[in-house]
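Undergrad: Okay, predicted coordinates and the sequence, questions at the end:
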Amino acid sequence: MKAISALFTVLLCALVPAGLLLAVTAALGSPATTWALVLAIVMLAYGIVAAWVGAYDLGSPLGWLVLVVDLTWSLPNTVFGAVTGLWLYAIWGNPSKGNSGGRGWISYSPRSATGFGNDVLQTLGTVNLGGSGQHERMHLLQARIFGPLYLPIFGLSYVVTFLIQCLFTLVLGLALKAAGVRTSAHLNPPASSAVSGFFGWIYHSTPFEEWAYASGNP
Ligand SMILES: [Zn+2]
């Protein structure tokens, strides 16, 4: 079954997204052949790594559901992981069969015992560094629920929390600190936040992070 799962994972990753793009753009009048080819190559690379770690267990209906969602509704998140984490995380770690097998994601295990991948975990689309940790699999679920809206909402959230942090610090924080009311001019995240300080509040206050910290792993 594992060999068949691997074969189907590679084939479906390489063919379904590119085929969908071709079909949609052809229906609109001009088939995006070049982009379909680029997408096929990107997703072939993703499919090969996913198959190698056994990310999608196609012996189970849930494995099929997750793969189909990742190649259709949540495809922007899958492609995002394929063009970022899939390559970037190789700097810090190696794809882990133990953390990825049948779990619907490609998880890298860090080569070092400290630093990125140990203290700070990260998930980009369906690609992760450091394993489940406190709430990384919640981000995976959020991406699959919100599909093409997930990254735009996340990006917009960062803009809003960045502006709130800057406004608070400049308008109130500096004065309150000078008056001895506050110890820091900027807003601070809870101690549980993986990132602290000025940027920590901007990061922790985005709705997807608040939700993930509140609920842990699904
Ligand atoms: Zn998070």
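TA: Looks like it arrived, so ask away.
Undergrad: now for the longest strand seen in the chain, which elements pack on it?
TA: Scanning the chain for the strand with the most residues, using DSSP state E, yields strand 106-110. Contact analysis of strand 106-110 by 3 or more Cβ pairs under 8 Å, 6 or more residues apart in numbering; DSSP states H and E lists helix 33-53, helix 85-88, strand 93-95, helix 97-100, strand 127-129 as its packing neighbours. Placement of C-beta: from N, CA and C, glycine included.
Undergrad: Which stretch among these is buried most, on average?
TA: Mean neighbour count (mean count of other Cβ atoms under 10 Å) peaks for strand 127-129 among the helices and strands packed on strand 106-110, with a mean of 29.
Undergrad: That one pairs with which strands, and in what direction?
TA: strand 106-110 (parallel), strand 122-124 (antiparallel) (DSSP bridges).
Undergrad: could those strands be laid out in a markdown table, adding mean pLDDT and distance to the ion?
TA: Shown next, in a markdown table, are those (pLDDT from 0 to 100; distance: least, Cβ to the ion, whole Å):
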| stretch | mean pLDDT | distance to the ion |
| --- | --- | --- |
| strand 106-110 | 98 | 15 |
| strand 122-124 | 97 | 7 |
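Undergrad: Of the ones you listed, flag the one that's most buried.
TA: Of all the strands paired with strand 127-129, strand 106-110 carries the top mean neighbour count, a mean of 24, counting by mean count of other Cβ under 10 Å.
Undergrad: CA atoms of that one as PDB?
TA: Extracted C-alpha coordinates of strand 106-110, given in PDB (Å, rounded to 0.1, in the frame of the first residue of the first chain):
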ATOM      1  CA  ILE A 106       6.000  17.400   5.300                       C
ATOM      2  CA  SER A 107       7.700  18.000   8.600                       C
ATOM      3  CA  TYR A 108      11.500  18.700   8.800                       C
ATOM      4  CA  SER A 109      13.400  17.700  11.900                       C
ATOM      5  CA  PRO A 110      16.200  20.100  12.900                       C
END
